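J.: Got a sequence here, can you model it:
(2 chains)
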Amino acid sequence: MNTYRIGEVTEKVGISADTLRYYEKIKLLPSINRTDSGIRVYEDTDISRLRFIQRAQKMRFRLKEIGALLSMREDPQHAREEVRLLTRKKLDEIEKHLGELQYLRNELQLLLNLCRASKNGCPIIESIDQEKI
Amino acid sequence: MLESVTRDFDMGLIRWRKVNVLEELDYAVELGVSSMPAIVINGQLVFTGHASARRLRGALEKRLKEQAKIK
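T.: Residues are numbered from 1 along each chain as shown, chains lettered A, B, ... in the order given. Modelled structure (predicted):
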């Protein structure tokens, strides 16, 4: 089991020390173990939890929702009905988002390929640039 | 090429049209077109890149046979 000081966690996951302390305060993180001199010592499971929080935030989930999802993550078999429903709802949102991303990816791929095939530069990008001006 | 291949079939058996991808971008993406040229038959992307007349004829014949079976 690896352990990390707060500065190492900050570096590893890109979350500030203040935010880490805040997450602990609002119980998104469990109570972090301390050394005898009171220095927080994080474990791999905390890092994994923080990465989950980051991913959920990228999906624009609220901290309260993330807290509920974390409880599901910890003990899926005994999750409350409302947490299960929230997880289902969030899964649906992610799948919708994935579908939209896939569509956008395919569209951009097609545009890029059209640009590559064009002998006279890329008419699509040029027209987008002009619209911006 | 497409025109000459379709002429080999009975009149009216095959209807075809050229699509300007930039004008019908959503349609192209929905079909899964990722590069040009592409040939779609009955709403299904069949060829991406240059297809020979022989292969195109074969693909059209296959679908016509399938349709005849359904009828």
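
J.: buried set for the lowest-mean-pLDDT helix or strand in chain B?
T.: Least confident element among the helices and strands of chain B, by mean pLDDT, DSSP states H and E: helix B:2-7 (a mean of 81). Neighbour counts over helix B:2-7 (16 or more other CB atoms under 10 Å in any protein chain shown) mark B:2, B:5-6 as buried. Where C-beta positions appear, they are placed from N, C-alpha and C, glycine not excepted.

J.: Those into TSV, with extra columns for distance to residue A:108?
T.: Shown next, in TSV, are these (distance: CB to CB, whole Å):
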residue	distance to residue A:108
B:2	27
B:5	32
B:6	32
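
J.: between those residues, which is closest to chain A?
T.: Distance ranking of the buried residues of helix B:2-7 against chain A, using CB to the nearest CB, places residue B:2 first at 18.1 Å.

J.: If you drop the residues flanking it in sequence, what lies closest to that closest one?
T.: The shortest distance from residue B:2 to any non-neighbouring residue, by CB to CB, 6 or more residues apart in numbering or on different chains, is to residue B:16 (6.3 Å).

J.: Residue A:22 and chain B, how far apart?
T.: Per CB to the nearest CB, to the nearest Å, residue A:22 is found 42 Å from chain B.

J.: Which residues does the one helix or strand that residue maps to contact?
T.: Residue A:22 is part of helix A:17-25 when elements are defined by DSSP states H and E. By CB atoms under 8 Å, 6 or more residues apart in numbering or on different chains, the surrounding residues in contact with helix A:17-25 are A:6-7, A:9-10, A:15, A:29-32, A:40, A:50, A:53.
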